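Chemist: Build me a structure from this.
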Amino acid sequence: MEHTIHCDLREKLKEKFIFSNGVTNTDKLNLIDAIQRLGIGYQFENEIKDVIQYLDLISCRDYVDSDLHTCSLRFRLLREHGYKISEDIFKKFINHKGEFNTTIASDIKGMLSLYEATHFRLRGEDLLEKALIFTTSQFEAMLHNDLITKSCFVEQVKHALNQSIHKGLIRIEARNYISLYENDEMHDKLLLKFAKLDFNIMQKLHQRELGELTRWWKDLDLTNKFPFARDILVECYLWSIGIYFEPQYAYGRTIITMIKVLANGYMDEATWLHKSYIPTLEEYMNVAKITSAVEVMSIAFLLGMHSNLATKEGFEWMLSDPLIIQATSVIVRLVDDVTGFKFEQQREHVASAVECYMNQHDALEELATINLRKQITDAWKDINFECIRPTKVPMNILSRVMNMARYMDMMYKEEDGYTNSKTKAKDYITSILVSEVDV
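Modeler: Numbering: from 1, shown residues only. Below you'll find the model as predicted:
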């Protein structure tokens, strides 16, 4: 019954929104944004693709009179789908001193959209850098002085500053956005009901998969055979959902969760630990690119994809050390090191990137952290660049690689959520694998 209602609602939504006449381009932008943030973009891939392609063909001149929200949302959605669009569209919000007009600060909706757009910036896009600094500082001041009057905007601003749309995982962010969208008095009831049903249906599928994996894990009895091995099956499965949650990737999620790979690079790390050797940052990162296991995991998830994606060319590309793999490896390694530095030093552990930088440059921890965070920021810019058309492999593959970086941003932002599963990881697990959404 639930599946029947779900299918009926999907067809009604396609007819009501995607193919209906009289819908403005701004309405289409807002609709696509809502669909994607509700976590149901995969249900309307072709429809979204057609609309985005159409919106890309429209001249920027047609948006010259658009407000901040529309300009920013169009920029973000086009960049998200790999289309080239210049940061120059934001010049109309700049004053004669080259700074953003403070008058736009009162437009909270527009400011939020601009803030989210800045996370798609590339190297050298100074205007977007300026926009990020402007929106962040304005929001922090507003929150500190209680200047945002609408409670719904307060929640959105706080969440955005902690987790941008671009760096968030679909399932985690969808669960949060469903609540925000429901509280929006302008929400579409049909769309909301469909999103809730879809979330619960996918949750039931994931629960069945996790149940099967749990039986497999217990049969192996590795926890008793190797007491030092951490029982982190659920966390590993959460990682697999982060890479791809859609129903057609059940096999891929199983492969990723089950995979037990010890990268050759760990031998070098073990040698450094044994000799109490602190390598240079360059030495460390060369090995860390291996031990981050991004390339191995990328090959694993490609195995779980459809044959039109898991091609010989696709695997050769994976093994060619493309920029997006390099950048994701940097993020996976450095986010972990920067966040978990103090914790790791409490136990016998190979020197982290923070310690390597401090030792090599005779620098304090604060300076080392600042420089490493800049490397993380630049790595995200490289990921964004790799996703601009024309791409060497389909966007569906690139987005899965990017999801590994997103997982790290989500899980390690404030603490080591993977090692210490008693932290926010448990909340994430509960929200997407345990607690059903009320329909």
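Chemist: how's the chain carved up into domains?
Modeler: 2-191, 201-434 (automatic domain parsing).
Chemist: From the contact counts, what lies against whichever strand or helix holds Asn200?
Modeler: In the assignment (DSSP states H and E), Asn200 maps to helix 189-220. Applying 3 or more Cβ pairs under 8 Å, 6 or more residues apart in numbering; DSSP states H and E, one finds that helix 189-220 makes contact with helix 2-13, helix 170-183, helix 233-243, helix 250-258. C-beta here means a position set from N, CA and C on the backbone, and glycine is covered the same way.
Chemist: re earlier: could the domains of the chain be laid out in CSV, adding mean neighbour count?
Modeler: Formatted as CSV, the domains of the chain follow (neighbours: other Cβ atoms under 10 Å):
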stretch, mean neighbour count
domain 2-191, 16
domain 201-434, 17
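Chemist: Generate a markdown table for those, with mean pLDDT as supplementary columns.
Modeler: Output for the domains of the chain, formatted as a markdown table (pLDDT from 0 to 100):
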| stretch | mean pLDDT |
| --- | --- |
| domain 2-191 | 92 |
| domain 201-434 | 83 |
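Chemist: need the helices and strands packed on helix 189-220 in TSV with distance to Thr70, can you?
Modeler: What follows is the helices and strands packed on helix 189-220, written out as TSV (distance: least, Cβ to Cβ, whole Å):
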stretch	distance to Thr70
helix 2-13	22
helix 170-183	19
helix 233-243	31
helix 250-258	37
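Chemist: on that earlier part again, run the angle between the helix holding Asn200 and helix 250-258 for me.
Modeler: 50 degrees (axes from the mean of the first three to the mean of the last three Cα atoms, to 10 degrees).
Chemist: now helix 189-220: how far from the chain's centre is it?
Modeler: Centroid separation between helix 189-220 and its chain, computed with Cα atoms, centre = their mean, to the nearest Å, is 20 Å.
Chemist: Let me know the angle separating it from helix 2-13.
Modeler: 140 degrees.
Chemist: can you give me the strands for the stretch 251-400 of the chain?
Modeler: Read by DSSP state E, counting those that start in this stretch, the stretch 251-400 of the chain holds no strands at all.
Chemist: didn't Glu155 look like it was pressed against Tyr177?
Modeler: No. In this structure, Glu155 is not within contact of Tyr177 by Cβ atoms under 8 Å, at 11.0 Å.
Chemist: so who does Tyr237 touch?
Modeler: Each residue near Tyr237 by Cβ atoms under 8 Å, 6 or more residues apart in numbering is listed here: 206, 209-210, 213, 253, 257, 433.
Chemist: ok, 10 Å please
Modeler: 206, 209-210, 213-214, 253-254, 256-258, 429, 433 (Cβ atoms under 10 Å, 6 or more residues apart in numbering).
Chemist: same deal with Thr4?
Modeler: Here Thr4 is in contact with no residue (Cβ under 10 Å, 6+ apart).
Chemist: Now do it against Ile370, distance only.
Modeler: Distance, Thr4 to Ile370, by Cβ to Cβ, to the nearest Å: 55 Å.
Chemist: Kindly report the same for Thr311.
Modeler: Thr311 is 42 Å from Ile370, by Cβ to Cβ.
Chemist: wait, is Ala405 part of a helix?
Modeler: Yes. Using DSSP: H, G, I helix; E, B strand; the rest coil, the assignment for Ala405 is a helix.
Chemist: Val332 is in contact with that one, correct?
Modeler: Yes. If you go by Cβ atoms under 10 Å, Ala405 and Val332 touch, sitting 6.8 Å apart.
Chemist: list the residues that contact both of those two?
Modeler: 294, 376, 379.
Chemist: show me what contacts the residue nearest to the first one when sequence neighbours are not counted?
Modeler: The spatial neighbour of Val294 that comes closest, neighbours along the chain excluded (Cβ to Cβ, 6 or more residues apart in numbering), is Ser329 at 4.4 Å. When contacts are counted by Cβ under 10 Å, 6+ apart, Ser329 is found next to 285, 288-295, 298, 321, 379, 401, 404-405.
Chemist: Then Glu313?
Modeler: 392-393.
Chemist: change it to 8 Å
Modeler: So Glu313 contacts Val393 (Cβ under 8 Å, 6+ apart).
Chemist: again, but for Ala195
Modeler: Going by Cβ under 8 Å, 6+ apart, the list of residues near Ala195 reads 38-40, 174, 178, 181.
Chemist: Looking at these, spot the one nearest Ile232.
Modeler: Of all the contacts of Ala195, Ile232 sits closest to Ala174, with 23.9 Å by Cβ to Cβ.
Chemist: how much space between the nearest residue to the closest one once chain neighbours are set aside and Ser320?
Modeler: Nearest residue to Ala174, sequence neighbours excluded (Cβ to Cβ, 6+ apart): Gly39, at 2.7 Å. Using Cβ to Cβ, Gly39 is found at 32 Å from Ser320.
Chemist: No further questions, thank you.
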